[in-house]
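Peer 1: Sequence and predicted structure below; questions after.
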Amino acid sequence: SMTIRGEGSAQTSIQQGLVKQWCHLDLNTENSIDDSFNTSGIVDTDTGKVTVTRTTNFASINYCMAGSAWSGGNNYERSCSNHAAKTTALQLVAVAINSNGTLADCQDVELIYTGDLA
């Protein structure tokens, strides 16, 4: 357990302040992991839906995910969210590319996870 000085005079916990998993995916042309940390694999389950499996599980389902996606061109309306209940070992992610919620297989999907590892 260690704390360090963050910005200004604030103290930051190294355990609580680190990203515990991240991945950059191509779901459009290759269905592949371009680069990652603590990500063991992905499964393309449907258009705009992917299962992301981690190498080291989270301690509980109370972790947080943030993500974005891009499909090329001038399409800037994008979001990533759960499409099923979270588990400690994997997360089912839906990529919505349009404002009406239409799902799409995007070439640049970026996900980060924070929380307590098991």
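Peer 2: That came through fine. Numbers count the residues shown, from 1 in each chain.
Peer 1: pLDDT weak spots in the chain?
Peer 2: 6, 74-77, 98-99 (pLDDT under 70).
Peer 1: switch to 90 and redo it
Peer 2: 1-18, 28-30, 48, 68-85, 94-108, 116-118 (pLDDT under 90).
Peer 1: how about the strands in the protein?
Peer 2: Using DSSP state E, the strands of the chain run over 3-5, 11-13, 21-26, 32-37, 39-46, 49-54, 64-70, 79-82, 90-96, 108-114.
Peer 1: can you put those strands in CSV and add distance to Thr102 and mean neighbour count?
Peer 2: To be clear about C-beta, it is placed using only N, CA and C from the backbone, and glycine gets the same treatment. Output for the strands of the chain, formatted as CSV (distance: least, C-beta to C-beta, whole Å; neighbours: other C-beta atoms under 10 Å):
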stretch, distance to Thr102, mean neighbour count
strand 3-5, 44, 11
strand 11-13, 39, 12
strand 21-26, 18, 20
strand 32-37, 23, 14
strand 39-46, 13, 15
strand 49-54, 12, 20
strand 64-70, 12, 17
strand 79-82, 11, 15
strand 90-96, 7, 21
strand 108-114, 15, 20
